[in-house]
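[1] For reference, the sequence and a predicted model appear below.
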Amino acid sequence: MTARTAAGPALTTVAMWDVDNEELDREPLRGYGLLTDRPLLVALNQEESRAAEPMAADLAGRIAALHGEGLVLSPCVEAEIGSLEPADQAASGAA
């Protein structure tokens, strides 16, 4: 994204995760909690019958281009696992 300033030259907006640690001293910025410096996690809700399917390659590629991580889950399956006894949760591989 590029923006013009009243003073003249264009400014280019860059997400902080795209700037090397050597180029940007993040310490003075930590107190601001800038969203562009936070990790990106995308959760894709799938219906129960598709819960084991991987995320579409094009979507996974777009997320990776943003330095993010993605996961696929099914709210129905997650709720069922959450209602199990702790020992059964461990046996299901969820714990």
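    Structure's in. What do you need?
[2] C-alpha from now on. contacts and neighbour counts both.
    Noted.
[3] And the most centrally placed residue in the chain, how far from L84?
    Residue closest to the mean C-alpha point of the chain, counted by Cα atoms, centre = their mean, is L41 at 1.7 Å. L41 sits at a distance of 26 Å from L84 (criterion: Cα to Cα, to the nearest Å).
[4] And for D25?
    Distance from D25 to L84, by Cα to Cα: 47 Å.
[5] The chain: strands as residue ranges?
    Secondary structure of the chain (DSSP state E): strands located at 2-5, 8-12, 41-45, 69-73.
[6] Averaged pLDDT, the shortest one. What do you get?
    Strand 2-5 comes out with an average pLDDT of 48.
[7] Just the pLDDT at the residue nearest to the centre of the chain, thanks.
    Here, the pLDDT recorded for L41 equals 90.
[8] do S92 as well
    For S92, pLDDT reads 73.
[9] Contact partners for A91?
    Neighbour list for A91: empty [criterion: Cα atoms under 8 Å, 6 or more residues apart in numbering].
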